[in-house]
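**Q** After the sequence you'll find the predicted model.
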Amino acid sequence: MSELSRYVDTWWSAVEDFTHLVEEIPAESWALPTDLPGWDVHAVVAHIAHLEALLAGADHDDVAIGEADHVRSPMGQFTEQGVVARRGASRDDLVNEIRESTTARHTALLADPPTDPEAPAPGLFGALGWSTRTLLSNRPLDLWMHEQDVRRAVGVPGGLDSAGAAHVTDVFLASLPYVVAKRAALPTGTTVVVEVVGHDPVAATVGEDGRGQRLAEVPTDPTVRLRADRAAYTRMAGGRGRPTEGFEVSGDAELGERLLSSLAVTP
C-alpha cells in the first residue's frame, strides 16, 4: 500500500470514528465548551462538516461572523464562516452532511487514487501551498484531534488505539527537530528523546547551524527525556494545554520546561 493510500484509509477510518461518536452525543451536551476558544461541541462538528463539504466540491459559505474574539487571522475567519453558517443545523443535519461529503470524496479517491505526493492539493488547499501529501495526511489528523476535543468536552474518553490516533502521534513525533530548534530554541548540542507508549522513541538535537536534526540512534542519557501516553502527548503537541497526568519529564529541568511549553505544533 502506498503512502497516500494509507492516508486515505486512515482518514476514512477517522471519519467513521468521528461520526459514530457524534451520533451518540445527547442534545444537552452540544453546547458544552471544548478546549478550543469560542467553540462548543456543535461548532467542532460544524467545522468538520464545513471542511469535508469543501473537499467534496461544495461552495464555501461566505457569511458574516459578527464579533468573534477567538478569530485572529484570515484563515480563522474563513474557518469560522463555515461554523457560523451551520449554527442552526441539527445533529442529524451535520452528520448527514459529513457522511454525504466524505462518501462522495472517498468514492472519488478510490476510483482515481492520487499517485503524486508533491502534486498541488485541490482547490483552496492547493492555493495555500499544500501538497497532496500534506492534505491527505492532515485530514485524519484534523478529524482525530477534533474527536478528542469532543470526547474531553462530553466526558467520554476513548479512541486512543485507533488508526487515527497512531497517525497523529507519528506526525507530531516527526516534528520534534522543528520543536527543539525553533519552537523551544534549545541550546546547541541539546539532545531530546520523546518516548510515547506504542511508538518507537524519537530523538533530536540542535546542530551547530541552529537547525534541529533527528538522530538515527537514540541516546541513553539525553539532555531532556519526555515519556508520555498518546492522550497526554497529542494533547500537548496539538496545542490543547498540558494535562495533569500521563507524562513524565527527566533531565535538565529548565530545558524540559521550555520543551513542554513549546511542544504545540498546531494552533
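**A** Structure's in. What do you need?

**Q** what packs against the host helix or strand of residue 260?
**A** Assigned by DSSP states H and E, residue 260 belongs to helix 253-261. Judged by 3 or more C-beta pairs under 8 Å, 6 or more residues apart in numbering; DSSP states H and E, helix 253-261 is in contact with strand 224-228, strand 247-251. Placement of C-beta: from N, CA and C, glycine included.

**Q** Quick one: mean pLDDT over the first one.
**A** If I follow you right, that is strand 224-228. Averaging pLDDT along strand 224-228 gives 98.

**Q** what packs against it?
**A** Short answer (3+ C-beta pairs under 8 Å, 6+ apart): strand 224-228 packs on strand 191-196, strand 247-251, helix 253-261.

**Q** okay, the ones you listed, which one's buried deepest?
**A** Of all those, strand 191-196 has the most neighbours on average by mean count of other C-beta atoms under 10 Å, namely a mean of 22.

**Q** got the buried residues for the helix or strand that that one is followed by?
**A** Sequence-wise, the next helix or strand downstream of strand 191-196 (DSSP H and E) is strand 202-206. For strand 202-206, the neighbour count (16 or more other C-beta atoms under 10 Å) marks 202-206 as buried.

**Q** and strand 202-206, what other elements does it pack with?
**A** Strand 202-206 packs on helix 176-178, strand 191-196, strand 212-214, going by 3+ C-beta pairs under 8 Å, 6+ apart.

**Q** now the angle from it to strand 191-196?
**A** 160 degrees (axes from the mean of the first three to the mean of the last three C-alpha atoms, to 10 degrees).

**Q** orientation of strand 202-206 relative to strand 224-228 in degrees?
**A** Using the same axes, to 10 degrees: strand 202-206 against strand 224-228 is 150 degrees.

**Q** Quick one: mean pLDDT for strand 202-206?
**A** On average, strand 202-206 scores 98.

**Q** Quick one: residues in contact with it.
**A** For strand 202-206, contacts defined as C-beta atoms under 8 Å, 6 or more residues apart in numbering pick out 173-174, 176-177, 179-181, 186-194, 212-215, 217-219, 222.

**Q** Show me which of those residues are buried.
**A** 173, 176-177, 179-181, 186, 190-194, 212-213, 215, 222.

**Q** Nearest to residue 232 among those?
**A** residue 194 (11.4 Å; C-beta to C-beta).

**Q** so what are the domain limits for this protein?
**A** Following automatic domain parsing, the chain resolves into domains at 3-159, 175-261.

**Q** start to end distance for the longest one?
**A** Read it as domain 3-159. Between the opening and closing residues of domain 3-159 there is a gap of 23 Å (C-alpha to C-alpha, to the nearest Å).

**Q** repeat for stretch 111-123
**A** 19 Å.

**Q** Quick one: the helices and strands packed on helix 253-261 as a markdown table, columns for distance to residue 41 too.
**A** Listed next are the helices and strands packed on helix 253-261 as a markdown table, based on distance: least, C-beta to C-beta, whole Å:
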| stretch | distance to residue 41 |
| --- | --- |
| strand 224-228 | 26 |
| strand 247-251 | 26 |
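
**Q** hmm, back to that, put together JSON lines for the helices and strands packed on strand 224-228, with distance to residue 125 and mean pLDDT on each row.
**A** Listed next are these as JSON lines, based on distance: least, C-beta to C-beta, whole Å; pLDDT from 0 to 100:
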{"stretch": "strand 191-196", "distance to residue 125": "28", "mean pLDDT": "98"}
{"stretch": "strand 247-251", "distance to residue 125": "33", "mean pLDDT": "97"}
{"stretch": "helix 253-261", "distance to residue 125": "30", "mean pLDDT": "97"}
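
**Q** Redo the ones you listed as a markdown table? Include distance to residue 94.
**A** Shown next, in a markdown table, are those (distance: least, C-beta to C-beta, whole Å):
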| stretch | distance to residue 94 |
| --- | --- |
| strand 191-196 | 32 |
| strand 247-251 | 33 |
| helix 253-261 | 35 |
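
**Q** out of these, nearest to residue 62?
**A** Smallest distance to residue 62 across the helices and strands packed on strand 224-228 (C-beta to C-beta): 37.5 Å, for helix 253-261.

**Q** and that closest one, how far out from the chain's middle?
**A** For helix 253-261, the gap between its own C-alpha mean and the chain's C-alpha mean amounts to 22 Å (C-alpha atoms, centre = their mean, to the nearest Å).
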